[in-house]
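> Show me how the following folds:
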Amino acid sequence: MTASSTDIPARLDRLPWSRWHWRVVIALGVAWVLDGLEVTLVGSVGSVLERPDTLGLTAAQIGGAGSLYIGGAVIGALLFGRLADRLGRKKLFLATLAIYTLATLATAFSTDFAFFALCRFLTGLGIGGEYAAINSAIDELIPARVRGRVNLAINGSFWIGAALGAGVSLVLLDVRVLGPVWGWRAGFALGALLAIAILLVRRDVPESPRWLISHGRADEANAIIARIEAEVSAQHGPLPAVTTRLSFVQQAAPTIRQMADVLFHQYRRRSVVALSLMISQAFFYNAIFFTYALVLTRFHGVPEGRVALYIFPFALGNVLGPLLLGPLFDRVGRRRMIGVTYVLSGVGLALTGVAFMAGWLDALGQALCWSAVFFLASAAASSAYLTVSEVFPLEMRALAISVFYAVGTGAGGFAAPWLFGMLIETGSRGAVAVGYAIGAVLVIAAGLVAWRYAVDAERRALEDIAPPMGSVG
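Numbers count the residues shown, from 1 in each chain. The predicted structure follows:
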């Protein structure tokens, strides 16, 4: 095999921040906005769907539908993650958004639990595929010096979608607008319309030049980077010269055995860190978020049409966390910041559970406590996705993201809504507080693992953190 060299990674990393980067971030990062919109709509209309004049679901069925959504995301991540490494980032982030759009639109026409659950599964299938294709594309297009803060901010945009979903449900469920019977259906239909608009914008995002180079398509990669540089230099002036080159040998797509060797032998410690971060944050988030409406209505007496109001302080904390703490992940460092945010968010959730069990919180107090806890937890959870996406080789980046997302979300996210649905059904504050305690212990343990073993990846090129499998020298 003939060795080749390229300067494309260095050329991408030396680019100043520009309008082109903003367009990429908006077009791709909206995946998290859509996920937040979906999850919040289900959370906000959960109690509405229990009404006999809607779908007549039980709390356990609502929790079960949440688990099916997560199950679909797990399968979608594994399926589309492998394809994103083989076929390219762009083909997959267009295909997965199309699946999401159709499934969300179908949800609006649900007639019973079975159809609703199927639609939630298919919606999750699209979202799971989005995570793998989008995270790999973003990391490969964003300069190394700001990769941490940009990645965290994008992942935190989930909560912009959450606030949007809360606002939409608040308006549409109002009897003066559409009311509970038709409002929840309109909410899902509006989500599909938003996805269609984003699909049109996303078509202009280029394929990852790094991926093209690894697949022997150097001419296409050079043409794309030349267009990017021309646009950026028109805004910022001449770009500095690049002298760093990467030498590599083009290889066939890695086999499952080769990828397993990378995950379980070459980078075994990184895999342990990634797995612990993903499992703990998935349980932590899904336990709270898929069932928060049930907690507010059953334990705090919040009317079903007012549930969405309480998501706004919750969402605000989640959006501000990655935005304000994100720069520290590039300055202070990944390992320290991941450890601190995980441990402190776990302590905060444990204290919230104690206050909830003791009856010290009303509905507003509960929402404010969640807001404070998830200010930290949002940055922590976002850093889990950042970690997984930047510490494994280019040739299997999307698959690595999908594997850890699938295993972590499957173990932590699939069980959490189901478990909390049952705990809430008991009507016992103590039972729910036990669930909070489980989530707290998981994230504290993961934070300690990260503090000790996570990679100091801040401000380093992806090829320096994890050399491509075909790299030379």
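> Flag the shaky bits of the protein, pLDDT-wise.
1-3, 43, 251-252, 289-291, 304-305, 308, 413-414, 470-473 (pLDDT under 70).
> any idea where the strands of it begin and end?
Under the criterion DSSP state E, the chain contains strands at 3-6, 246-249.
> Please work out which of these is packed deepest.
Highest mean neighbour count of the strands of the chain: strand 246-249, a mean of 18 (counted as mean count of other C-beta atoms under 10 Å). In short, each C-beta sits where N, CA and C put it, glycine included.
> before we move on, back to that, so can I have JSON lines of the strands of the chain showing distance to W20?
What follows is those, written out as JSON lines (distance: least, C-beta to C-beta, whole Å):
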{"stretch": "strand 3-6", "distance to W20": "20"}
{"stretch": "strand 246-249", "distance to W20": "22"}
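> what's the closest of the ones you listed to S67?
Comparison of those against S67 by C-beta to C-beta identifies strand 246-249 as nearest, at 42.2 Å.
> rewinding a little: the strands of the chain: which one's closest to I225?
I225 sits nearest to strand 3-6 of all these, at 9.6 Å, using C-beta to C-beta.
> quick one on the thing from earlier: so which of the strands of the chain gets nearest E231?
Smallest distance to E231 across these (C-beta to C-beta): 20.4 Å, for strand 3-6.
> Can you give the contact residues for that closest one?
213, 218, 221, 245-250, 472 (C-beta atoms under 8 Å, 6 or more residues apart in numbering).
> could you redo the residues you listed as JSON lines and give each row distance to L55?
Below are the contacts of strand 3-6 laid out as JSON lines (distance: C-beta to C-beta, whole Å):
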{"residue": "I213", "distance to L55": "50"}
{"residue": "A218", "distance to L55": "54"}
{"residue": "A221", "distance to L55": "50"}
{"residue": "R245", "distance to L55": "59"}
{"residue": "L246", "distance to L55": "54"}
{"residue": "S247", "distance to L55": "59"}
{"residue": "F248", "distance to L55": "54"}
{"residue": "V249", "distance to L55": "56"}
{"residue": "Q250", "distance to L55": "53"}
{"residue": "V472", "distance to L55": "59"}
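> Identify the farthest-apart pair in those residues.
A221 and V472 (17.9 Å).
> Counting neighbours, go ahead and name the busier of these two.
Taking neighbours as other C-beta atoms under 10 Å, A221 and V472 compare with A221 leading, 22 against 13.
> give me every residue that touches the more buried one.
So A221 contacts 6, 8, 209-210, 212-213 (C-beta under 8 Å, 6+ apart).
> cool, H236 as well?
16, 18.
> Let me know the distance separating I154 from L12.
Separation of I154 from L12 (C-beta to C-beta, to the nearest Å): 17 Å.
> Neighbour count for these two, which is higher?
Neighbour totals were compared for I154 and L12, and I154 leads with 26 against 22 (other C-beta under 10 Å).
> Tell me, how many residues neighbour the closest residue in space to the more buried one that isn't next to it in sequence?
Leaving aside its chain neighbours, I154 sits nearest to G29 (3.9 Å; criterion: C-beta to C-beta, 6 or more residues apart in numbering). The burial count assigned to G29 is 21, neighbours taken as other C-beta under 10 Å.
> Now do the contacts for G29.
Per C-beta under 8 Å, 6+ apart, neighbours of G29: 134, 138, 153-154, 157.
> Same question for A218.
A218 neighbours (C-beta under 8 Å, 6+ apart): 4, 6, 212.
> next one: E50
When contacts are counted by C-beta under 8 Å, 6+ apart, E50 touches 56-59, 62.
> Pull out the buried members of these.
57, 59, 62 (16 or more other C-beta atoms under 10 Å).
> correct me, but the second one touches E425?
Yes: here A59 lies in contact with E425, judged by C-beta atoms under 8 Å, at a distance of 5.4 Å.
> so can I have CSV of the buried ones among the contacts of E50 showing distance to M396?
Converted to CSV, the buried ones among the contacts of E50 look like this (distance: C-beta to C-beta, whole Å):
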residue, distance to M396
L57, 40
A59, 40
I62, 37
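> before we move on, back to that, sort out which of the contacts of A221 are in helices and list them.
8, 209-210, 212-213 (DSSP state H).
> Mind putting the residues you listed into JSON lines with neighbour count and distance to E395?
Formatted as JSON lines, the ones in helices among the contacts of A221 follow (neighbours: other C-beta atoms under 10 Å; distance: C-beta to C-beta, whole Å):
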{"residue": "I8", "neighbour count": "21", "distance to E395": "15"}
{"residue": "P209", "neighbour count": "25", "distance to E395": "15"}
{"residue": "R210", "neighbour count": "26", "distance to E395": "10"}
{"residue": "L212", "neighbour count": "23", "distance to E395": "13"}
{"residue": "I213", "neighbour count": "24", "distance to E395": "11"}
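> And the furthest pair within those?
Taking C-beta to C-beta, the two most distant members of the ones in helices among the contacts of A221 are I8 and L212; they sit 8.5 Å apart.
> Report how many residues lie close to V354.
13.
> ditto for A108
The tally of other residues near A108 (other C-beta under 10 Å) stands at 17.
> Tell me which residues touch it, please.
185-189, 192.
> please redo it, this time with the cut-off set to 10 Å
Contacts for A108 (C-beta atoms under 10 Å, 6 or more residues apart in numbering) come out as 119, 182, 184-192.
> So which of the residues you listed is the closest to V48?
The closest of the contacts of A108, once distances to V48 are taken by C-beta to C-beta, is W184, at 5.5 Å.
> nearest residue to the closest one other than its sequence neighbours?
For W184, ignoring the flanking residues on the chain, the nearest one in space by C-beta to C-beta, 6+ apart is V45 at 4.2 Å.
> I'd say the one you found and V181 touch.
No: look at V45 against V181 with C-beta atoms under 10 Å: they stay out of range, at 11.2 Å.
> Those two: which has the busier surroundings?
Set side by side, V45 and V181 show more neighbours around V45, with 28 against 13, by other C-beta under 10 Å.
> phi, psi of the more buried one?
phi -100, psi 10 (degrees, to the nearest 10).
> For it, which residues are in contact?
Here V45 is in contact with 51, 54-55, 62, 165, 169, 172-173, 180, 183-185, 187-188, 293, 304, 307-308 (C-beta under 10 Å, 6+ apart).
> same deal with A446?
Neighbours of A446 in contact, by C-beta under 10 Å, 6+ apart: 273, 275-281, 284, 338-339, 342-343, 346, 380, 384, 408.
> One more pass at 7 Å, please.
By C-beta atoms under 7 Å, 6 or more residues apart in numbering, the contact set of A446 is 276-277, 280, 342.
> who wins for most neighbours among these?
In terms of neighbour count, Y342 stands highest of these at 32 neighbours, by other C-beta under 10 Å.
> show me what contacts that one?
Remark: with contacts taken as C-beta under 7 Å, 6+ apart, Y342 is in contact with 380, 443-444, 446-447, 450.
> Can you add distance to E458 and give those back as TSV?
Putting those into TSV (distance: C-beta to C-beta, whole Å) gives the following:
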residue	distance to E458
A380	16
V443	22
I444	23
A446	19
G447	17
A450	14
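> For Y100, state which of the residues you listed is nearest.
A380 (25.6 Å).
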